[in-house]
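Enquirer: here you go, sequence then predicted model.
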Protein chains: 2
Amino acid sequence: MSHMPRVHLIEDDLGIRSALIRALTELGHVVTSSPDAMTGLQDTLGGDPNIVILDLGLPDLDGVELLRMLRAVTPVPVIVATARDEDSSVVRALDAGADDYVIKPFTSATIDARIRAVLRRSASPETNVALQVGSIAVDPRSRVATIDGRLLELSPREFDLLAYLAARPGEVVSKRELLAEVWRLPYGGADKTVDVHLSWLRKKLGESATDPRHLITVRGVGVKLVEGQE
Amino acid sequence: MSHMPRVHLIEDDLGIRSALIRALTELGHVVTSSPDAMTGLQDTLGGDPNIVILDLGLPDLDGVELLRMLRAVTPVPVIVATARDEDSSVVRALDAGADDYVIKPFTSATIDARIRAVLRRSASPETNVALQVGSIAVDPRSRVATIDGRLLELSPREFDLLAYLAARPGEVVSKRELLAEVWRLPYGGADKTVDVHLSWLRKKLGESATDPRHLITVRGVGVKLVEGQE
DNA sequence: CACTTGCTTAACGCAGTGCTAAGGCTCGGT
DNA sequence: ACCGAGCCTTAGCACTGCGTTAAGCAAGTG
């Protein structure tokens, strides 16, 4: 992801609001919120979020009405949230242009998945572009990597490692950074693990540390993935 | 379509039926009609209309049932009509493949607009087109899936699962996402359920996890549906 | 030549997965 | 209203292979 999704939440219930803000923030979203329809409309226009989550049961205005107003002035995708017993408002909301809906109560995992699905759908279809570094191609979407057209059979970590390096061609990356970004460990464990995976990656790329082609060690600093020459 | 739309109306109430026939004819449609489900099914198959308007409150058969039967044998678009107090059947009908709905009482202008909208939509080839991934074909409208031309007998979940994957050929989809998007549960279920359904799907596709052809597991990430090779 | 840094191989524990079987549920049919 | 069939979920077990750690070796550095 080049940037974190900006989510704007329109929800009157303070408990749900704070819980969602906390959960979504942890899941990597930037969350803003409004407690009612009128503020919600203004904040949405002012804040330019990537997506809006709209509770249909607002006190000051019917949620579907607000949805229509939003639709009239901005193309921002909207997910509506509703209580289980309000089937009809879901249908009306989808009719009014909602992109998706969730039924309360829902888990943060659910809403997170819906947000990402809607963003994937509405945003440019090519957020995860295939990467190419010399004769190495890496496609994060299908998780397929090839070298000289041949398929590379990589383990999950190996793939992530290669993808991370391929996203920064020619740039030297430290092992600590790799541990933090690829391994996602709060505090870095032993660098030796990275060494092992780099070794395996080298073997599968068909090259060695002494005679590198793409994966180059910069002693005392880190490693980099370069184009190499044919 | 340069010709007048042929509309087939399945409605038991004589008053509504004759009123609609008159109104729609004036608006430039060619209208035929049937008073009950069984006749409606036969007339639809025999008359080859461009669109069907189906009253859900038929005397001899549940409307949603008839809709499923229609869906199984013809790709004709269907608009369902229902009384105001039957929200749930609207949801079930849309789920079963209805293209749109109207709530009684409705004006002839309303139904006319819906008819034209649905015809416009179903005329454009991009929406709801049958999906093809390698030798697997999935048609969400008729809910029919085939492999190598042979019919696949899938349960509802199995079909939804296959359809979701087929809509994203080659893309790795996590089990979490599948749970959220295919299962649509407000709460978080267990990933193992997805595993089981994937297993059943594999069996019906005639492949195994160890020797996959289309349905490929990417360990630690999810699954993807690929073209495979003949 | 001693010391540091990086590379590679081997071994072990375990997380993720595939599949079967067993209840429990819904829904259509009688 | 009852009954049976099909479907979904849960539980459990075997298995694969991934990731980590450890240890020794090679290469670079002062």
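Expert: Cool, got the structure.
Enquirer: what's the first-to-last distance across stretch A:198-217?
Expert: 10 Å (CA to CA, to the nearest Å).
Enquirer: quick check, it touching DNA strand C?
Expert: Yes. Counting by CB under 7 Å from any atom of the strand, DNA strand C has neighbours in stretch A:198-217: A:Leu198, A:Ser199, A:Trp200, A:Arg202, A:Lys203, A:Ser208, A:Ala209, A:Thr210, A:Thr217. Quick note: C-beta positions are derived from backbone N, CA and C, even for glycine.
Enquirer: so who does the second one touch?
Expert: Same thing as A:Ser199. A:Ser199 sits next to A:Ala209 when contact means CB atoms under 8 Å, 6 or more residues apart in numbering or on different chains.
Enquirer: check the gap between it and A:Val138 for me.
Expert: 19 Å (CB to CB, to the nearest Å).
Enquirer: before we move on, what about the third one?
Expert: For A:Trp200, the distance to A:Val138 equals 16 Å [CB to CB].
Enquirer: neighbour-wise, which of those two wins?
Expert: More crowded of A:Trp200 and A:Val138, by other CB atoms under 10 Å in any protein chain shown: A:Val138, with 23 against 15.
Enquirer: bridged to that one, which residues?
Expert: A:Leu131, A:Ala145 (DSSP bridges).
Enquirer: my guess is it contacts A:Ile147. True?
Expert: No. Counting by CB atoms under 8 Å, A:Val138 does not reach A:Ile147; the two are 9.8 Å apart.
Enquirer: shared neighbours, the two?
Expert: With CB under 8 Å, 6+ apart as the test, A:Val138 and A:Ile147 reach no residue in common.
Enquirer: if we can go back for a sec, among the residues of stretch A:198-217 next to DNA strand C, name the buried ones.
Expert: Burial by neighbour count, judged by 16 or more other CB atoms under 10 Å in any protein chain shown, picks out A:Leu198, A:Arg202 from the residues of stretch A:198-217 next to DNA strand C.
Enquirer: which bits of chain A sit near DNA strand C?
Expert: Near DNA strand C, when you scan chain A using CB under 7 Å from any atom of the strand, you find A:191-192, A:195-196, A:198-200, A:202-203, A:208-210, A:217, A:219-221, A:223.
Enquirer: mind running it again at 10 Å?
Expert: Neighbours of DNA strand C within chain A, by CB under 10 Å from any atom of the strand: A:156, A:174-175, A:191-203, A:207-212, A:215-223.
Enquirer: in contact with the nearest residue to A:Ile10 once chain neighbours are set aside, which residues?
Expert: Using CB to CB, 6 or more residues apart in numbering or on different chains and skipping residues adjacent in sequence, the residue nearest A:Ile10 is A:Gly40, 3.6 Å away. By CB under 8 Å, 6+ apart, the contact set of A:Gly40 is A:His8, A:Ile10, A:Ser34, A:Val52, A:Leu54, A:Leu58, A:Leu66.
Enquirer: ok, now with 10 Å
Expert: A:8-12, A:33-34, A:52, A:54-55, A:58, A:60-61, A:63, A:66, A:69-70 (CB atoms under 10 Å, 6 or more residues apart in numbering or on different chains).
Enquirer: that one belongs to a helix?
Expert: Yes. Assigned with DSSP: H, G, I helix; E, B strand; the rest coil, A:Gly40 falls within a helix.
Enquirer: with DNA strand D as the reference, measure out to it.
Expert: Separation of A:Gly40 from DNA strand D (CB to the nearest atom of the strand, to the nearest Å): 34 Å.
Enquirer: now do A:Ile10
Expert: Applying CB to the nearest atom of the strand, the value for A:Ile10 to DNA strand D is 30 Å.
Enquirer: do the same with A:Val173
Expert: 16 Å.
Enquirer: name the nearest residue to that residue, sequence neighbours excluded.
Expert: A:Gly222 (4.9 Å).
Enquirer: one step back: could you list which of the contacts of A:Gly40 belong to strands?
Expert: Taking DSSP state E as the definition of strands, the contacts of A:Gly40 contribute A:His8, A:Leu9, A:Ile10, A:Ser33, A:Ser34, A:Val52, A:Leu54, A:Asp55.
Enquirer: does the second one touch A:Val30 like I think?
Expert: Translated: A:Leu9. No. The criterion here is CB atoms under 10 Å, and A:Leu9 misses it with A:Val30 at 11.1 Å.
Enquirer: intersection of neighbour lists for the two?
Expert: A:Leu24, A:Pro49.
Enquirer: of these two, who's got more company?
Expert: Set A:Leu9 next to A:Val30 and count neighbours by other CB under 10 Å: A:Leu9 wins out with 26 against 15.
Enquirer: nearest residue to that one in space, ignoring adjacent ones along the chain?
Expert: A:Ser33 (4.1 Å).
Enquirer: just give the number of residues close to the one you found.
Expert: A:Ser33, neighbours per other CB under 10 Å, totals 18.
Enquirer: that one contacts A:Ile53, correct?
Expert: Yes. Contact status for A:Ser33 versus A:Ile53: in contact at 9.0 Å, counting by CB under 10 Å.
Enquirer: which neighbours do these two share?
Expert: A:Val7, A:His8, A:Leu9, A:Ile10, A:Glu11, A:Leu20, A:Leu24.
Enquirer: out of those residues, which end up buried?
Expert: A:Val7, A:His8, A:Leu9, A:Ile10, A:Glu11, A:Leu20, A:Leu24.
Enquirer: farthest-apart pair in the residues you listed, please.
Expert: A:Ile10 and A:Leu24 (13.6 Å; CB to CB).
Enquirer: got any residues that touch both of the two?
Expert: A:Ser33, A:Ile53.
Enquirer: could you list the residues in contact with stretch A:16-24?
Expert: A:5, A:7, A:9-11, A:13, A:29-35, A:53, A:55, A:81, A:104-109, A:111-112, A:115.
Enquirer: buried subset of those?
Expert: Using 16+ other CB under 10 Å, the buried members of the contacts of stretch A:16-24 are A:5, A:7, A:9-11, A:29, A:31-35, A:53, A:55, A:81, A:106-107, A:109, A:111-112, A:115.
Enquirer: after the helix or strand bottoming out on mean pLDDT in chain A, which helix or strand is next?
Expert: The weakest-scoring helix or strand in chain A, judged by mean pLDDT, DSSP states H and E, is helix A:87-95 (a mean of 71). Note on helix A:87-95: by DSSP states H and E, the next helix or strand toward the C-terminus is strand A:100-104.
Enquirer: what about the helix or strand just after that next one and chain B, touching?
Expert: Next helix or strand after strand A:100-104 toward the C-terminus (DSSP H and E): helix A:108-122. Yes. Helix A:108-122 lies within reach of chain B by CB under 10 Å from any CB of the partner chain, at A:Ser108, A:Ala109, A:Thr110, A:Ile111, A:Asp112, A:Ala113, A:Arg114, A:Arg116, A:Ala117, A:Arg120.
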